[in-house]
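# dropping a prediction and its sequence here:
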Amino acid sequence: MPYTTILHDVKDGIATITLNRPSKLNAFNDQMIDETTDAFKAAGRNAAVRCVVITGAGRGFSSGQDLGDFQARGGSVSIGEHLRHGYHRLIRQMVSLEKPIIGAINGIAAGAGCGVALATDIRIAADEASFMLAFSRIGLIPDSGTNWLLPRLIGYARAYEMAVTADRVPAGQALAWGMVNHVVPAAQLSEITAAWARRLADGPTLAFGLTKRAMGRGWDMDLDEALEYEAHLQEVAGRSSDNREGIAAFLEKREARFTGG
Ligand code: LHQ
């Protein structure tokens, strides 16, 4: 599918998705939701892709739903259906993608844009980035998985405060709260993200994917279930060529050369 609202590049095992409606701080219209979902789906299908990076063009990561676009429909669309057919597919696609996703958060991530940022696995924020649950400013509740993801990351008290105040949380605060993994100078975001992407794309992709599955499902399990699930997934990882290569490399005192299988 030819994309018009995102830039999409696949090179050396790394797929890069750039939200590309900079004049609106990369607000999501229907097309951008569909194209982003499709790009993540394609990353899942392409065995050559071993890491995905998502970022925004211009000074924003994403300002969430394009409110002008939604308003223009004059109330003809139910918000629930819009979410079900749009953002839910996108968030599910990201969370279920068994490959690491890096969020290179270059600027503000607001509303559903914050939800998309939270659905990445490793978040690297520029020092000028910020996060904002803009929803309550327009009389809505957080959506796009935010109510599920954010309290798990930073705890209920902080998440609820972010929701009811809709205040901007600067990158440094987000780091202190555990919302992002790293904060870097804006001018170095691309370079540092590229180094992270290289490292992850050179890793044992199957094990990275199964780890994502184990941790994602583990949230809702008791200890016995989680232990059993780990054993089941480890059985799978233990049959991979990367497991054999990792052990051989250790014993031969050399760097492992993982191929992802
Ligand atoms: C925008 C937007 C935007 C359109 C900036 N839309 N143009 C799901 C289901 C259905 C309905 C509702 O929503 C949802 C989920 C959601 O995402 S709800 C939350 C939607 N997002 C927001 O409420 C955030 C709205 N934006 C803002 O509050 C500000 O733009 C922030 C705080 C993000 C950035 O502020 P500034 O840095 O001061 O930038 P700005 O406001 O000047 O924006 C730059 C341009 O981008 C401007 O256009 P203009 O033509 O005047 O230069 C804005 O109108 C446009 N823009 N966000 N969401």
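Happy to help now that I have it.

# same for the helix or strand hosting residue 246, what does it pack against?
Assigned by DSSP states H and E, residue 246 falls within helix 241-251. Here helix 241-251 touches helix 205-218, going by 3 or more Cβ pairs under 8 Å, 6 or more residues apart in numbering; DSSP states H and E. In this view, the C-beta of every residue, glycine as well, is placed from N, C-alpha and C.

# residues in contact with the helix holding residue 246?
204-207, 237, 255-261 (Cβ atoms under 8 Å, 6 or more residues apart in numbering).

# tell me which two in those are the farthest apart.
Within the contacts of helix 241-251, 237 and 255 form the most distant pair, 19.5 Å apart (Cβ to Cβ).

# give me the more crowded residue out of those two.
Set residue 237 next to residue 255 and count neighbours by other Cβ atoms under 10 Å: residue 237 wins out with 18 against 8.

# elements contacting the one helix or strand residue 192 maps to?
Element membership for residue 192 (DSSP H and E) is helix 189-201. Judged by 3+ Cβ pairs under 8 Å, 6+ apart, helix 189-201 is in contact with strand 14-19, strand 51-56, strand 101-105, strand 122-126.

# those strands into a markdown table, with extra columns for mean neighbour count and distance to residue 189?
Formatted as a markdown table, the helices and strands packed on helix 189-201 follow (neighbours: other Cβ atoms under 10 Å; distance: least, Cβ to Cβ, whole Å):
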| stretch | mean neighbour count | distance to residue 189 |
| --- | --- | --- |
| strand 14-19 | 24 | 12 |
| strand 51-56 | 26 | 8 |
| strand 101-105 | 26 | 6 |
| strand 122-126 | 24 | 5 |
